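**Q** return a 3D structure for these sequence lines:
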Amino acid sequence: MMRFKTQLAPIVLLSGLLATPLLAQSDIGFKGVGGEIGFVSPQDVDTTLGLGVFADLGMVAPRFQLEGFLDYWSQTEAVTGGGEVGLRDLAFGVRGKYIFPNQNPGLRPFAGFGLGLHMLNAEVSIPDIDYGGIVIPGDTYSDSTTRFGLDLGGGLAAAMSDKTDFIGEMWYGIVDDFNQLSVKAGILYKFGM
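**A** Sure, this is the predicted structure:
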């Protein structure tokens, strides 16, 4: 254990020295809030509607924006022979966006990555089954799990006014056997401008 700490100390020290100039150029804070709507295509499930809210948390370094998010989707599908299976995901986390340089300050293309916590829930409803007067009662079963996810994506922010931006983006979430692709559009309202 002592050897591990000795090897880790120079890495931590070097990271701190390299991060100091970046932190001096940062502008972290609650810069704006927005909402979005779009389509989510979870692995092995039909495409469904997704809703989200997000917060612009400022610039960590030049061209690197930080964003907090909360996303939700739900999908219910009929099962052959009767019954339904319902799935839903409530995810929250942070994303970092690299803003590409361009000549038009009103258009900001970006690529990014993020980490999120996904609270997944599955529910199966089985109806009553009637076998010629013998009724087998139905039931509902549910299970929940929480998993970490990694988001990769990109998009475009376009200024609509001094206070609002239109955001169009696509993210691919890698969530342990429950990957999902989302295409969303939203509006960001900026504070303090």
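**Q** ok, now which ones touch Tyr172?
**A** Asp151, Leu152, Gly153, Asn179, Gln180, Leu181, Ser182 (C-beta atoms under 8 Å, 6 or more residues apart in numbering). C-beta here means a position set from N, CA and C on the backbone, and glycine is covered the same way.
**Q** neighbours of the residue nearest to the fourth one when sequence neighbours are not counted, just the number please.
**A** This means Asn179. Counting by C-beta to C-beta, 6 or more residues apart in numbering, Gln43 is the residue found nearest to Asn179 once chain neighbours are left out, at 4.6 Å. Neighbour count of Gln43, defined by other C-beta atoms under 10 Å: 11.
**Q** all helices for this protein, in order.
**A** 2-24 (DSSP state H).
**Q** residues in contact with stretch 161-168: which ones?
**A** Defining contact as C-beta under 8 Å, 6+ apart, one finds that stretch 161-168 is touched by 32, 34, 36, 155-160, 184-190, 193.
**Q** and stretch 122-134, by the same measure?
**A** Contacts to stretch 122-134, defined as C-beta under 8 Å, 6+ apart, come from residues 79, 82-87, 135-144.
**Q** kindly report the same for stretch 181-193.
**A** Contacts for stretch 181-193 (C-beta under 8 Å, 6+ apart): 30-41, 50, 52, 54, 56, 71, 73, 157, 160, 162-173.
**Q** among these, which ones are buried?
**A** The neighbour-count test (16 or more other C-beta atoms under 10 Å) applied to the contacts of stretch 181-193 identifies 31-32, 34, 36, 38, 40-41, 50, 52, 54, 56, 71, 73, 157, 165, 167, 169, 171, 173 as buried.
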